[in-house]
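A.B. asks: Need the 3D shape of this:
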Amino acid sequence: MTWNRQQASPMPSHRYRSAFERVPVLPIEREWPDRQLTAAPLWVPVDLRDGNQALAEPMDPARKRTFFELMIAIGYKEIEVGYPSASQTDFDFVRLLATSDLVPEDVTIVVFTPARRDLIERTVESVAGMRGDVVIHMYAATAPVWRDVVLRRTRDELAAMIYAGSEDILRLAGDSVRFQFSPEVYNLTEPDYVLELADHLTKQWDATPERPVIMNLPATVEVATPNVYADQIEYMHKHLPRRDGVILSVHPHNDRGTGIACAELAVLAGAQRVEGCVFGNGERTGNVDIATLALNLHAQGVDPMIDFSDIDGIRSVVEHCTRMPIHPRHPYVGELVYTAFSGTHQDAIRKGFAAQGLGLWEVPYLPIDPADVGRGYEAVVRVNSQSGKGGIAHVLESVYGVQLSVDEQVVFARHVQRHTDATGREASAPELKALYEEVYGPSN
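C.D. replies: Next up is the predicted model:
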């Protein structure tokens, strides 16, 4: 291969094993590659628990309440609100929800607990009196390295601990709650072990279509390409016992930068519920980004079932509550994601706007209409040294109503480029107008 001159790097890649060497990925008759996303799954934001645990400064009660009210306002119907046995702040927040009218009757509250009796007791205590549906979400790390190194339990010993915890929840909470289980690091856990746990838990918790159990299968640490996770989810979708009484849920992280793809392929593979954070906050590289997932559906003509029509207002609340800025290139919400500086892009966008009627949205380089999420058009084209005559003409026309002939566009673009090359920065609309008046005199 004379065209590929890359050389071996000095990095110690030999120290790592592929996912296929670490966990059995069982063969299946794949159906997910031929499917299309046609409906939104149930979205479950975990910003107040998983996302909160990932903050250098966890949210205080006021910020947690503000974030919760935001999620209610934009339409989430199931929300994981905390880890009440982990801190007094989380416990008190859950009690606030249980003893106030902050939770609408059609919203399900989820609380999180390890499979340990004293922590389960504290968790059940926190939700006493909560109106509406409550889910107690129990988890245990099940992957071999976690079993052997962290928990120091055999498969049978860990299973016994999980079954004792599930019995404690059933005994303490009974019919007042629904049940969820997460085999943490599912994507590195032996499939037969997960099925063994699922069989016991769905039987013990009496999983039925009328009162389904949630089996949540997290990619707690991403270790493989998204197609592998899809295969793992489809295998469980086809083999879970009492499948009609199980809500199959996923919780992808983003260690490889493919959390979005993992979630989308998992839904194709049979997942019905997706846990994540509104803009992808979470430990390390973050949880899957629910806003991106939802707006990806919107861009394909599928109702996302969540209202992101004021995305800048949502961003403002999230940044306030998390004390973390949103990256300017973050999909859909970033400051620059609907902006073109390149001349060829600007020309295509300008022509697309001119040809756009009232029907389907088909403007080059803009996957959705910025107005759908509350953005205006004034920032779609911005001018710097990379810009061309079409973009410059677009700004003058859209902001000031100044129309340039084709010949004027060519001449004026050279004048603007000399200016931007000299300054090394973007030219604002007022600067463009001043430059125009230098060449052509005052505009009407």
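
A.B. asks: make it CA atoms for all contacts and neighbour counts henceforth
C.D. replies: Fine.

A.B. asks: Need the pLDDT of residue 371.
C.D. replies: Residue 371 is assigned 94 on the pLDDT scale.

A.B. asks: List the buried residues in the helix or strand where residue 166 lies.
C.D. replies: Using DSSP states H and E, residue 166 maps to helix 155-173. In terms of neighbour count (16 or more other C-alpha atoms under 10 Å), helix 155-173 has its buried residues at 158-159, 161-163, 165-170, 173.

A.B. asks: For whatever helix or strand comes next after it, which strands pair with it and how are they oriented?
C.D. replies: The helix or strand immediately downstream of helix 155-173 is strand 178-184, counting by DSSP H and E. Here strand 178-184 is paired, per DSSP bridges, with strand 134-141 (parallel), strand 213-219 (parallel).

A.B. asks: Now mean pLDDT too, for those, in CSV please.
C.D. replies: Listed next are the strands paired with strand 178-184 as CSV, based on pLDDT from 0 to 100:
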stretch, mean pLDDT
strand 134-141, 98
strand 213-219, 98
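
A.B. asks: now the strands for the protein?
C.D. replies: For the chain, strands defined by DSSP state E occupy the ranges 42-45, 78-82, 108-114, 134-141, 178-184, 213-219, 246-252, 273-276.

A.B. asks: Switch those strands over to JSON lines; also include distance to residue 428 and mean neighbour count.
C.D. replies: JSON lines is the format used below for the strands of the chain (distance: least, C-alpha to C-alpha, whole Å; neighbours: other C-alpha atoms under 10 Å):
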{"stretch": "strand 42-45", "distance to residue 428": "39", "mean neighbour count": "24"}
{"stretch": "strand 78-82", "distance to residue 428": "43", "mean neighbour count": "25"}
{"stretch": "strand 108-114", "distance to residue 428": "48", "mean neighbour count": "24"}
{"stretch": "strand 134-141", "distance to residue 428": "52", "mean neighbour count": "22"}
{"stretch": "strand 178-184", "distance to residue 428": "51", "mean neighbour count": "24"}
{"stretch": "strand 213-219", "distance to residue 428": "45", "mean neighbour count": "25"}
{"stretch": "strand 246-252", "distance to residue 428": "41", "mean neighbour count": "26"}
{"stretch": "strand 273-276", "distance to residue 428": "38", "mean neighbour count": "27"}
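
A.B. asks: Redo those as JSON lines? Include distance to residue 62.
C.D. replies: As requested, the strands of the chain are exported to JSON lines (distance: least, C-alpha to C-alpha, whole Å):
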{"stretch": "strand 42-45", "distance to residue 62": "18"}
{"stretch": "strand 78-82", "distance to residue 62": "14"}
{"stretch": "strand 108-114", "distance to residue 62": "18"}
{"stretch": "strand 134-141", "distance to residue 62": "22"}
{"stretch": "strand 178-184", "distance to residue 62": "28"}
{"stretch": "strand 213-219", "distance to residue 62": "30"}
{"stretch": "strand 246-252", "distance to residue 62": "27"}
{"stretch": "strand 273-276", "distance to residue 62": "22"}
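
A.B. asks: what's the burial count for the spatially closest residue to residue 348 that is not a sequence neighbour?
C.D. replies: Spatial nearest neighbour of residue 348, chain neighbours left out: residue 364 (6.0 Å); criterion: C-alpha to C-alpha, 6 or more residues apart in numbering. For residue 364, the count of nearby residues is 16 (other C-alpha atoms under 10 Å).

A.B. asks: In contact with residue 364, which residues?
C.D. replies: Residues near residue 364 by C-alpha atoms under 8 Å, 6 or more residues apart in numbering: 345, 348-349, 352.

A.B. asks: now swap in residue 373 and tell me
C.D. replies: Counting by C-alpha under 8 Å, 6+ apart, the residues that residue 373 touches are 308-312.

A.B. asks: before we move on, the earlier item: tell me the gap between the helix holding residue 166 and the middle of its chain.
C.D. replies: The chain centre lies 31 Å from the centre of helix 155-173; the measure is C-alpha atoms, centre = their mean, to the nearest Å.

A.B. asks: picking that back up, could you identify which of the contacts of residue 364 has the most neighbours?
C.D. replies: residue 349 (23 neighbours).

A.B. asks: Pull the contacting residues for that residue.
C.D. replies: 363-366.

A.B. asks: Let's see that with 6 Å instead.
C.D. replies: residue 364 (C-alpha atoms under 6 Å, 6 or more residues apart in numbering).

A.B. asks: Per-residue pLDDT of it, please?
C.D. replies: The model's pLDDT for residue 349 equals 88.

A.B. asks: So for the residue most central in space within the chain, what's the pLDDT?
C.D. replies: Among the residues of the chain, the one closest to the centroid is residue 289, at 1.3 Å (C-alpha atoms, centre = their mean). Per-residue confidence (pLDDT) for residue 289: 98.

A.B. asks: excluding its backbone neighbours, what's nearest it?
C.D. replies: residue 280 (3.8 Å).

A.B. asks: ok, the one you found touching residue 287?
C.D. replies: Yes. The pair residue 280 / residue 287 is scored as a contact, 5.0 Å apart, by C-alpha atoms under 6 Å.

A.B. asks: the more surrounded of the two?
C.D. replies: residue 287 (31 against 25).

A.B. asks: in the sheet, who's paired with that one?
C.D. replies: residue 253.

A.B. asks: So it versus residue 250, what's the distance?
C.D. replies: 11 Å (C-alpha to C-alpha, to the nearest Å).

A.B. asks: Buried ones among the contacts of residue 373?
C.D. replies: 308, 311-312.

A.B. asks: if we can go back for a sec, in JSON lines: the strands paired with strand 178-184, plus distance to residue 205.
C.D. replies: Shown next, in JSON lines, are the strands paired with strand 178-184 (distance: least, C-alpha to C-alpha, whole Å):
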{"stretch": "strand 134-141", "distance to residue 205": "12"}
{"stretch": "strand 213-219", "distance to residue 205": "7"}
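
A.B. asks: so which of those gets nearest residue 65?
C.D. replies: The closest of the strands paired with strand 178-184 to residue 65 is strand 134-141. By C-alpha to C-alpha, the value is 18.0 Å.
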